[in-house]
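# A predicted structure for the sequence below; I have some questions about it.
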Number of protein chains: 2
Amino acid sequence: MTIQRWEQQAQKGRDLLNNSVPKKWLAPTDQLPPVTQKNVLDFPRKSGLLTERELRITEQSATDLVSEMGKGNLTAEEVVVAFLKRSVLGHQLLNFATEFLADEAIARAKELDAFYQKSGRLIGPLHGVPISVKEHVGFKNKTCHTGYVAWVDRVMDEDAHLLQLLWKAGAVFHVRTNQPQALMHLCSENNITGKTYNPINRTLTPGGSSGGEGAALAFRCSPLGIGTDIGGSIRGPAAFCGGYGFKPTSGRNPMLGIHVAAAGQEDIHGVVGPMGPASIDDLELFQKAVIDQEPWEDETSLVPLPWKNATPKKDMTVAIMWDDGVVRPHPPVTRALRVAKEKLLAAGIKVVDWEPYKHSYGWDVISALYYPDAAGLQRQMLRTSGEPPLPLSDWAFSYGRPNPLTHHETWKLHCERDTFRDEYNALFKTRGVDFIISPNYPGVAAVMGESHYWNYTAIWNLLDVPAATIPSGLVVDAKLDALTDEDRKYVPRNEADEREWRKYEGPERYEGAPIALQVAGRHFKDEETLAAARLVEEVVRDGKKGPAV
Amino acid sequence: MTIQRWEQQAQKGRDLLNNSVPKKWLAPTDQLPPVTQKNVLDFPRKSGLLTERELRITEQSATDLVSEMGKGNLTAEEVVVAFLKRSVLGHQLLNFATEFLADEAIARAKELDAFYQKSGRLIGPLHGVPISVKEHVGFKNKTCHTGYVAWVDRVMDEDAHLLQLLWKAGAVFHVRTNQPQALMHLCSENNITGKTYNPINRTLTPGGSSGGEGAALAFRCSPLGIGTDIGGSIRGPAAFCGGYGFKPTSGRNPMLGIHVAAAGQEDIHGVVGPMGPASIDDLELFQKAVIDQEPWEDETSLVPLPWKNATPKKDMTVAIMWDDGVVRPHPPVTRALRVAKEKLLAAGIKVVDWEPYKHSYGWDVISALYYPDAAGLQRQMLRTSGEPPLPLSDWAFSYGRPNPLTHHETWKLHCERDTFRDEYNALFKTRGVDFIISPNYPGVAAVMGESHYWNYTAIWNLLDVPAATIPSGLVVDAKLDALTDEDRKYVPRNEADEREWRKYEGPERYEGAPIALQVAGRHFKDEETLAAARLVEEVVRDGKKGPAV
């Protein structure tokens, strides 16, 4: 059997990954849980490979870690070593990394500790916080393949702008994380480093395209991570993995040096944002650290809006979108919305129902605008190396029209997009609604390979409004989420509705999965949306924070 | 001779205009200056058709008019009548209007007067200010043809967003103004209402595409006007006509309801902004009145940046760009820059020279991005009616590549555009320069039909930075601006340089023309740029304001 050229190239990417794994922290293979074990979250504790102190460190929020380092109770070095150790175990079980940065991260942490020793103060708001980074965010002198075999030899000249800012704020980058081929699956599989698993239930995907980040946050491999999102790629993984994610309005967070095949395409703007296991506070810590540095001073595509302090307001009006009118959510998702509504009402917050406005039309617009060139560049990337397209790449490419759009068709879609944005914005106002709580996905998570319906998240990309994912605190329950007789009689409204509804045979398929909520606000109301998400979580979870599972 | 269909359609547009002219204010034809008389600025006074009070009203700034109305010294009605009377005379001599709105304007002014009588206060910051409006800014229930015969029957459903805001601020719309075919000449001629003339010298164009506005401001037909600009269409006319114009950063001023053939094209964003005869203060009055109403609340393409008060700072550093490295400015333009430099230095302001950065490359990028479809939509608009393309339309269309760009070529140009923006922005910072003073055009104005070189203004559109045009206070001088022996020996660097240099046979060709300056600032530093322009004017003109001529 001959090994094809693309396989040799893909092997380079795997070699890079394998060579970067700090071997001393690997669990002996015979101690690993059986591959049939779905939930592996308890492994760090059960394995005995992390000390109690390391377990405690890795289960703290970024905000708390900074605070402890500020008091001298923790060093940056022990923090990053703890997360590296946990990341190595996580990677063995989940295949979430594309490259470990152990030596650099430890050296950096030592520098930070020296700075603290000398000055008695932290270097910045993210002093010593280990941050995991989705692979296509470029690192100086490191490969950046974006999930394409064709780019496996591509080495970057400089750090992405975002990384430069996080570095100045004191961050430590310890691991780079997996993403799907062509960056357009709500799942994370490519022909280089393969498939990433969800640690809560390894028959489920951690979501995508920031799925390496999803797995990492659920397993507590990092207290903060960087994802990107053009249709749900931050919020899907945050939801599937029981954590937190924030998709800002475009123009807030710096995008320079984040690499995609279709650079310069601006019909729909992808954005970068934070993900984490612990709290909305941590996402805000990240946002504030970045935007306080005025990234628009160097990246002129950004908008000069300082990060404001926004306090959650109990006099806000939130609307619940139970169903987008296209695909019915699965029973556990609906249950979480119901619980949310009850608790918000009980807390004295005004809650109304949200009648979705042309979500099906919205999908027609955004899906056409994802690929005005009929995914020509993405397909070309695959042809260049000869790597085969994965099924979910074919699925995503099929969103585009069969042939490239003309300029005039594209411009007409721009007008439709902008009109839709204005109309939807006006609805918020005429309906007196500040925020919309909705599902992130028809189900709690997708079974591996089954993540097909994006529009519970993509609609907010089309509208370019901020949206945060939070855990509801609830998990799929064998009894509460069993199909009722009425459920069994449900007559799907269309093909997608039927496909997605069929995937819910019952709670067993999604055993243990957390149930997430999504909170969307108006254009550029990023701070207010995060503040509202914090308040919603506080109310719905009776003050609890952190993952549901 | 048969009249072609397009000519019948074009006649409709002329009929609309002619029917709208308030006949009672027309000057008898035999009292008009001879067509050979170049400068007609003195006609309102000499004709005896305006009262002293009307002459005084029409020579005041918008800011002063509002102040006088606030004190009860003037009524909105007498103000708009004065400007209407002057506009009728101006139109007879310059053909600057596409439609008079006399009855509506007077009715509106009466309403404002009634409001003031009753409440004792002004309705808003633009109470009673007559504003002239470029034709392609849509008016409810009125034709909007954008200079295309094909659109001569097109009636708008609603007012442009900008007009709605100005209305709320108290404005009175009294006249709509001319623009060129396809909106892409630095001149103002179309097949419907014909050609507009520059009142300072009728052998010169008032510029374009907001050329109706240029002529109107020079003749004092309105104290404030609305222009649009994607390559110099506000600043060219302001410069050629001795007035003031401001091109803001895109995303500040509302664009909804401003109609162009290529709606939805967003490779280079056209912007709308104020023009006027009197002062930078008036432009700021306009900007503040609009942006204080938070237009982003309804038009989500806008950026939620409140209008800041910016005071001019004498510790700023301004750079003079003497030449863009492509086309040498004519002697009077260079003289005005020299005078500016001397006076700024004498006033203690730091002045350095600006080495242009790749302006020729910048032109290659922006000119390709004007027409990714090879001007397909614009040509189609002409074919639809059968109207012939005018020479300057062919000239502009030729900027596009012969065939439509592919999506990939377009996206590559987007990347080049953004990189160029970041590089240029970095140069401001590394060179320690706050603002750049430059020509608006190679010459003081273009002889009718000769306006070919845009890149002294278009470069700032490519960079999407704010730029203001101000009068230098100087006019072309037969002695000071005569060609020197050295000038005569100038060896042009390229074809464009030769073409433009040859147009300066000597000062006679541009007799009486004012010499303008352009002040450009950094992205989104709109307030600071206007403030700097105010200070530069104050210093260069020893405190004088208003047109140079």
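Good, I have the coordinates. Numbers count the residues shown, from 1 in each chain, chains lettered A, B, ... in the order given.
# Only C-alpha atoms from now on, for both contacts and neighbour counts.
Noted.
# Burial check on the closest residue to residue A:27 other than its chain neighbours, number of neighbours?
Nearest residue to residue A:27, sequence neighbours excluded (Cα to Cα, 6 or more residues apart in numbering or on different chains): residue A:89, at 6.5 Å. Neighbour count of residue A:89, defined by other Cα atoms under 10 Å in any protein chain shown: 24.
# Kindly report the same for residue A:54.
Applying other Cα under 10 Å, we find 20 residues neighbouring residue A:54.
# swap in residue A:530?
As a burial measure, residue A:530 scores 29 neighbours (other Cα under 10 Å).
# Can you tell me the element it falls in?
Per DSSP states H and E, residue A:530 falls inside helix A:526-540.
# got the residues of chain A near chain B?
Within chain A, the positions lying close to chain B (Cα under 8 Å from any Cα of the partner chain) are A:262-266, A:298-301, A:303-305, A:372-373, A:377, A:407-408, A:410-415, A:418, A:421-422, A:425-426, A:523-524.
# all strands for chain A, in order.
Along chain A, counting by DSSP state E, strands occupy A:97-100, A:130-134, A:172-177, A:189-190, A:194-195, A:224-229, A:244-247, A:271-276, A:317-320, A:350-353, A:435-438, A:467-475, A:514-520.
# With mean neighbour count as added columns, please give the ones you listed in TSV.
Shown next, in TSV, are the strands of chain A (neighbours: other Cα atoms under 10 Å in any protein chain shown):
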stretch	mean neighbour count
strand A:97-100	28
strand A:130-134	29
strand A:172-177	27
strand A:189-190	29
strand A:194-195	20
strand A:224-229	28
strand A:244-247	34
strand A:271-276	29
strand A:317-320	22
strand A:350-353	17
strand A:435-438	25
strand A:467-475	28
strand A:514-520	29
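# okay if I get these as JSON lines plus mean pLDDT?
Below are the strands of chain A laid out as JSON lines (pLDDT from 0 to 100):
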{"stretch": "strand A:97-100", "mean pLDDT": "98"}
{"stretch": "strand A:130-134", "mean pLDDT": "99"}
{"stretch": "strand A:172-177", "mean pLDDT": "98"}
{"stretch": "strand A:189-190", "mean pLDDT": "98"}
{"stretch": "strand A:194-195", "mean pLDDT": "98"}
{"stretch": "strand A:224-229", "mean pLDDT": "98"}
{"stretch": "strand A:244-247", "mean pLDDT": "98"}
{"stretch": "strand A:271-276", "mean pLDDT": "98"}
{"stretch": "strand A:317-320", "mean pLDDT": "98"}
{"stretch": "strand A:350-353", "mean pLDDT": "98"}
{"stretch": "strand A:435-438", "mean pLDDT": "98"}
{"stretch": "strand A:467-475", "mean pLDDT": "98"}
{"stretch": "strand A:514-520", "mean pLDDT": "98"}
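# can you tell which of those strands is closest to residue B:116?
Minimum separation from residue B:116 across the strands of chain A (Cα to Cα) falls at strand A:317-320, 38.7 Å.
# contact partners of the closest one?
With contacts defined as Cα atoms under 8 Å, 6 or more residues apart in numbering or on different chains, strand A:317-320 is touched by A:337, A:341, A:349-354, A:432-438.
# And it, how far out from the chain middle?
Distance of strand A:317-320 from the chain centroid (Cα atoms, centre = their mean, to the nearest Å) equals 24 Å.
# Check stretch A:146-157 too.
Here the centre of stretch A:146-157 is set off from its chain's centre by 22 Å, with Cα atoms, centre = their mean.
# contacting residues for the residue nearest to residue A:27?
Residue A:89 touches A:25-27, A:44, counting by Cα under 8 Å, 6+ apart.
# mind listing the helices for the stretch 251-400 of chain A?
Using DSSP state H, counting those that start in this stretch, the helices assigned to the stretch 251-400 of chain A run over residues A:280-291, A:331-346, A:359-370, A:376-385, A:391-397.
# Reformat those helices as CSV; add mean pLDDT and mean neighbour count.
Output for the helices of the stretch 251-400 of chain A, formatted as CSV (pLDDT from 0 to 100; neighbours: other Cα atoms under 10 Å in any protein chain shown):
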stretch, mean pLDDT, mean neighbour count
helix A:280-291, 98, 22
helix A:331-346, 98, 20
helix A:359-370, 98, 20
helix A:376-385, 97, 17
helix A:391-397, 96, 18
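# So for residue B:480, which of these sits nearest?
Taking Cα to Cα as the criterion, residue B:480 comes closest to helix A:280-291 out of those, the separation being 52.3 Å.
# what's that closest one packed up against?
If you count contacts as 3 or more Cα pairs under 8 Å, 6 or more residues apart in numbering or on different chains; DSSP states H and E, helix A:280-291 packs onto helix A:62-70, helix A:161-168, strand A:244-247, strand A:271-276, helix A:526-540.
# hmm, 7 Å instead?
strand A:271-276 (3 or more Cα pairs under 7 Å, 6 or more residues apart in numbering or on different chains; DSSP states H and E).
# so how far is the strand it packs on off the chain centroid?
In this view, strand A:271-276 has its centroid 6 Å away from the chain centroid, taken as Cα atoms, centre = their mean.
# Strand A:467-475 and that strand, what's the angle between them?
Following axes from the mean of the first three to the mean of the last three Cα atoms, to 10 degrees, one obtains 30 degrees for the angle between strand A:271-276 and strand A:467-475.
# Domain map for chain A?
Domains of chain A are assigned by automatic domain parsing as A:41-297, A:317-540.
# what's the span of the first one from first residue to last?
To tie it back to what came earlier, the one meant is domain A:41-297. Start and end residues of domain A:41-297 are separated by 42 Å (Cα to Cα, to the nearest Å).
# and residue A:44, what does it touch?
Going by Cα atoms under 7 Å, 6 or more residues apart in numbering or on different chains, residue A:44 touches A:50, A:86.
# Roughly how far does it sit from residue B:321?
64 Å.
# where do the helices sit along the stretch 1-150 of chain A?
Per DSSP H, counting those that start in this stretch, the stretch 1-150 of chain A has helices spanning A:5-20, A:43-47, A:52-58, A:62-70, A:76-94, A:102-119. These are given in chain order.
# Report the buried residues of the shortest one.
The reference is to helix A:43-47. Neighbour-count burial for helix A:43-47, counted by 16 or more other Cα atoms under 10 Å in any protein chain shown, picks out A:43-44.
# tell me the contacts of the nearest residue to residue A:206 once chain neighbours are set aside?
Excluding its sequence neighbours, the residue lying closest to residue A:206 (Cα to Cα, 6+ apart) is residue A:198, at 4.3 Å. Residue A:198 makes contacts with A:94, A:204-206, A:215, A:241, as judged by Cα under 7 Å, 6+ apart.
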